[in-house]
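Enquirer: Sequence first, predicted model second:
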Amino acid sequence: MGRMRGPSEVARDTDFTAYVRARQESLARFAYLVSADLETAKDLVQIALTKAYLHWDRVSTLDAPDAYVRRIIVNEHISSWRPAWRRREVTSTPLVELSNDTSVMAAEHDSELWAHIVRLSPMQRAAVVLRYYEDLSEAQTADYLGCSIGSVKTHTSRAMARLRATVPEAPQ
Amino acid sequence: MMPNEVKLLLHERAGRVHVHGDFADTAIAGARRVRTRRAVTAAATAALAVAISFGLAMRDFGPNRGTPATPTSESTSRVALPAPPLKTATVRVGAPAGPMPLPYIQAGVLHLSGRTVRISTGQDDRLLLFGTLSNGGVVYRVAGPDPALPSLDAGPLTFLDRAGQVVTQQSGVAQTDVVGPGDRVTAIADSGELVVFDGGGKVVGRLESMGASQSTSRAAELGPDLVANLAGHEDPTTRVGSLATGRSAYLAVTRGRADAGEAPLTLHDERALLVQGSVKPAAGGVSCKYLDNYLTGEPLRTWCDDTRPIGFFPDGDWMYGLYWGRPGVWVARTDDGAPLLEIRTDGATQDRFTEELPAPSPDGTALLVVLAAEDGQTVTSSCAIATGACQVLSDRLEAPGRGLLALPDNWGRQQPSGTS
């Protein structure tokens, strides 16, 4: 038999649920770009939201809970990429699915560019997504990635150099 | 390939992703499972800790007890720093010249004067604070597993003696910083008070709360009573308080600039030197820096270039730092910026290591450079500032967390033993 929840916990769950329902699509899209994989993105969102819920009393008072959750997504992805720090407290849920709308036809050049973005290292791709999708500054990106601004510059410039070297210019 | 092209593609790809279902229920259920699992783990860990403590105590009273190791540096001489001309040094990967002379943490284990102490149990733990004390001990704080805001999930502030035994643990602190000389450790308590500990972990003073938004980026001891605390980047002010009265006050950071992007970059304790500058350089990687005496407000020097000051040598005569957009470590004279030493990495080393983390040795004769690779491996070298000669101190140590130095935070801010 389940434990009875008190009024404060019910209110907490209601607040958390409202947040998740409003933001889950945006978070899933961000996780997809960071991981370049739908299944991984689903795991990342679930892990991030689980961890956010564990600290929801504090997280809900932050000016930007989204930034907190996105930071977990980035950190979790980079950590899981490093076997030494891999830790799995949360298992994937079968109750939620992400889909990728394939009815949209992409230009050949865009498909090729995305294929090369997928092949970037996790740190490089995370830096590119934070800089060019989230429009974060180098300092903010460094804060997200837990590295120096110099490292952000290195990751971003190496990623862009790699894309320039492997993807032909877009047709005008 | 233009950034705008990448940006458009990222937005187009993101727009294709849709969620079917509700993450809220699964997240709440998952969090409850995690709480249950952690409670079980904590009980097992507590039982293990008792067993280990008992085992260590028995070992230390045994017939083969070793002589306690001495502190790593006993030097009390102050070396006269040479004047420029500029010297160039090169650091590279190689075999260490001898045993690692400094405490360090690798894979959650503290290596202290030949002893090892496990300070972390989780693979996701992060090191928030790691400082050496002049009694040969260390102070540290580990957080985990919250990956976004480690301070939410931080453990106690722990003081170890030179033998690696726990002296005391302090909980209820939100942020910490090691202060030197004098082994003062400051912490922002959950209440907002600034709490100051001595090297033995005893509370020597408290400063009143200055508001809920107070944060700290660096603290400094200004003699036996006054403590200065630089607030975070969002709030570029300096707070100075008296340990005797518990009263403190904000000082407007000396220049009162309108540019919110400028923030405290580094300070020197005894000389009350403060460098402010832009946390984000302008086009071309150039940023302007302002050196002031932050107690008197006297402006001392202004310069604009691509340097990023990190800190001062112990006597305050020399500064060191990195560059905004290129690799390299520099040492320059504080008063006039005259360059003394330029440290570079050789080609093969530079390809492998993406970060350089410099810190002066406590006696001020060398600059230590930790090279960190993307995979978390580090190599530590020491370069004599008098000659530019470098030697490898450690090879292939693993940092305990991304971007975190596995070596003490307070090198160069700690007075060598016997002189304080």
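Expert: Structure's in. What do you need?
Enquirer: C-terminal to the worst-scoring helix or strand of chain B on mean pLDDT, what's the next element?
Expert: Every helix and strand in chain B was compared by mean pLDDT, DSSP states H and E; the lowest is helix B:23-60, with a mean of 48. Sequence order places strand B:87-91 as the next helix or strand after helix B:23-60, per DSSP states H and E.
Enquirer: packing partners for that next one?
Expert: Here strand B:87-91 touches strand B:339-345, strand B:377-384, strand B:390-398, going by 3 or more Cβ pairs under 8 Å, 6 or more residues apart in numbering or on different chains; DSSP states H and E. (Glycine included, C-beta is placed from N, CA and C.)
Enquirer: Run the angle between that strand and strand B:377-384 for me.
Expert: 150 degrees (axes from the mean of the first three to the mean of the last three Cα atoms, to 10 degrees).
Enquirer: Can you show me the CA trace of strand B:87-91 as CSV?
Expert: Provided in CSV are the C-alpha atoms of strand B:87-91 (Å, rounded to 0.1, in the frame of the first residue of the first chain):
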residue,chain,number,x,y,z
LYS,B,87,61.9,34.1,-20.4
THR,B,88,60.0,31.4,-22.3
ALA,B,89,59.3,28.0,-20.8
THR,B,90,57.8,24.9,-22.4
VAL,B,91,55.7,22.2,-20.6
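Enquirer: And the next helix or strand past that strand?
Expert: Downstream of strand B:87-91 (by DSSP H and E), the next one is strand B:104-106.
Enquirer: That next one pairs with which strands, parallel or anti?
Expert: Paired neighbours of strand B:104-106 in the sheet (DSSP bridges): strand B:109-112 (antiparallel).
Enquirer: buried set for the strand it pairs with?
Expert: Going by neighbour count (16 or more other Cβ atoms under 10 Å in any protein chain shown), the buried part of strand B:109-112 is B:110, B:111, B:112.
Enquirer: Output the lowest mean pLDDT helix or strand found in chain A.
Expert: strand A:97-100 (a mean of 77).
Enquirer: Figure out how far that one is from the centre of its chain.
Expert: Put simply, strand A:97-100 sits 15 Å off its chain's centre (Cα atoms, centre = their mean, to the nearest Å).
Enquirer: re the thing from before, could I get the buried residues of strand B:109-112 as a markdown table with pLDDT?
Expert: Formatted as a markdown table, the buried residues of strand B:109-112 follow (pLDDT from 0 to 100):
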| residue | pLDDT |
| --- | --- |
| B:110 | 87 |
| B:111 | 85 |
| B:112 | 86 |
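Enquirer: where does the stretch 151-300 of chain B have low pLDDT?
Expert: Where the stretch 151-300 of chain B drops to pLDDT under 70, the residues are B:151-153, B:175, B:178-182, B:209-240, B:248-267, B:269-270, B:278-281, B:283-284, B:294-297.
Enquirer: Is any residue of the longest helix that chain A contains near chain B?
Expert: Looking across chain A with DSSP state H, the single longest helix is helix A:7-35. Yes - using Cβ under 8 Å from any Cβ of the partner chain, helix A:7-35 reaches chain B at A:13, A:16, A:17, A:20, A:21, A:24, A:25, A:28, A:29, A:30, A:32, A:33.
Enquirer: Serialize those residues to a markdown table and add fields for neighbour count, pLDDT and distance to residue A:42.
Expert: Formatted as a markdown table, the residues of helix A:7-35 next to chain B follow (neighbours: other Cβ atoms under 10 Å in any protein chain shown; pLDDT from 0 to 100; distance: Cβ to Cβ, whole Å):
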| residue | neighbour count | pLDDT | distance to residue A:42 |
| --- | --- | --- | --- |
| A:13 | 16 | 90 | 21 |
| A:16 | 21 | 93 | 18 |
| A:17 | 17 | 93 | 18 |
| A:20 | 23 | 94 | 14 |
| A:21 | 13 | 93 | 16 |
| A:24 | 22 | 93 | 10 |
| A:25 | 16 | 93 | 12 |
| A:28 | 25 | 94 | 7 |
| A:29 | 23 | 94 | 12 |
| A:30 | 27 | 95 | 13 |
| A:32 | 24 | 94 | 9 |
| A:33 | 25 | 95 | 14 |
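Enquirer: Show me where chain A dips below the pLDDT cut-off.
Expert: Using pLDDT under 70, chain A drops low at A:1-6, A:79-95, A:102-106, A:169-172.
Enquirer: for it, which residue is closest to the average position?
Expert: Centroid check for chain A by Cα atoms, centre = their mean gives residue A:31 as the closest residue, at 3.0 Å.
Enquirer: shouldn't that residue be in contact with residue A:39?
Expert: No - judged on Cβ atoms under 8 Å, residue A:31 makes no contact with residue A:39 at a distance of 10.6 Å.
Enquirer: hey, what's in contact with both of those two?
Expert: Residues touching both residue A:31 and residue A:39 do not exist when contact is defined as Cβ atoms under 8 Å, 6 or more residues apart in numbering or on different chains.
Enquirer: hmm, back to that, on contacts alone, who are the packing partners of the least confident helix or strand of chain A?
Expert: If you count contacts as 3+ Cβ pairs under 8 Å, 6+ apart, strand A:97-100 packs onto helix A:7-35, helix A:38-54, strand B:17-20.
Enquirer: who's in contact with it?
Expert: A:28, A:32, A:38, A:39, A:41, A:42, B:16, B:17, B:18, B:19, B:20, B:21.
Enquirer: Next, work out how far apart the last one and chain A are.
Expert: Which is residue B:21. From residue B:21 across to chain A, the span is 3 Å (Cβ to the nearest Cβ, to the nearest Å).
Enquirer: Pull the contacting residues for the nearest residue to that residue once chain neighbours are set aside.
Expert: Of all residues not flanking residue B:21 in the chain, residue A:96 sits nearest, at 3.5 Å (Cβ to Cβ, 6 or more residues apart in numbering or on different chains). Contact analysis of residue A:96 by Cβ under 8 Å, 6+ apart lists A:42, A:46, B:19, B:20, B:21, B:22, B:23, B:26.
Enquirer: Of the contacts of strand A:97-100, keep whichever come out buried.
Expert: A:28, A:32, A:38, A:41, A:42, B:17, B:19.
Enquirer: I'd assumed residue B:381 was in contact with residue B:91.
Expert: Yes - between residue B:91 and residue B:381 there is a contact under Cβ under 8 Å: 4.2 Å.
Enquirer: what do those two both touch?
Expert: Shared contacts of residue B:91 and residue B:381, defined by Cβ under 8 Å, 6+ apart, are found at B:369, B:371, B:390, B:392.
Enquirer: my read: the second one touches residue B:345, true?
Expert: Right, residue B:371. Yes - Residue B:371 lies in contact with residue B:345 (Cβ under 8 Å); the separation is 6.7 Å.
Enquirer: which residues do those two both contact?
Expert: B:91, B:353, B:356.
Enquirer: Just put those in TSV and tack on distance to residue A:135.
Expert: Below are the shared contacts of residue B:371 and residue B:345 laid out as TSV (distance: Cβ to Cβ, whole Å):
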residue	distance to residue A:135
B:91	36
B:353	29
B:356	28
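Enquirer: For residue B:101, which of the helices and strands packed on strand A:97-100 is the nearest?
Expert: When these are compared by Cβ to Cβ, helix A:38-54 sits nearest residue B:101, at 39.1 Å.
Enquirer: Kindly export whichever helix or strand comes after the closest one (C-alpha atoms) in PDB.
Expert: Going down the chain from helix A:38-54, the next helix or strand is helix A:56-59, by DSSP H and E. This file holds the C-alpha atoms of helix A:56-59, laid out as PDB (Å, rounded to 0.1, in the frame of the first residue of the first chain):
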ATOM      1  CA  TRP A  56      12.000  20.800  -6.300                       C
ATOM      2  CA  ASP A  57      11.500  22.900  -3.200                       C
ATOM      3  CA  ARG A  58      14.600  24.800  -4.100                       C
ATOM      4  CA  VAL A  59      14.400  24.500  -7.900                       C
END
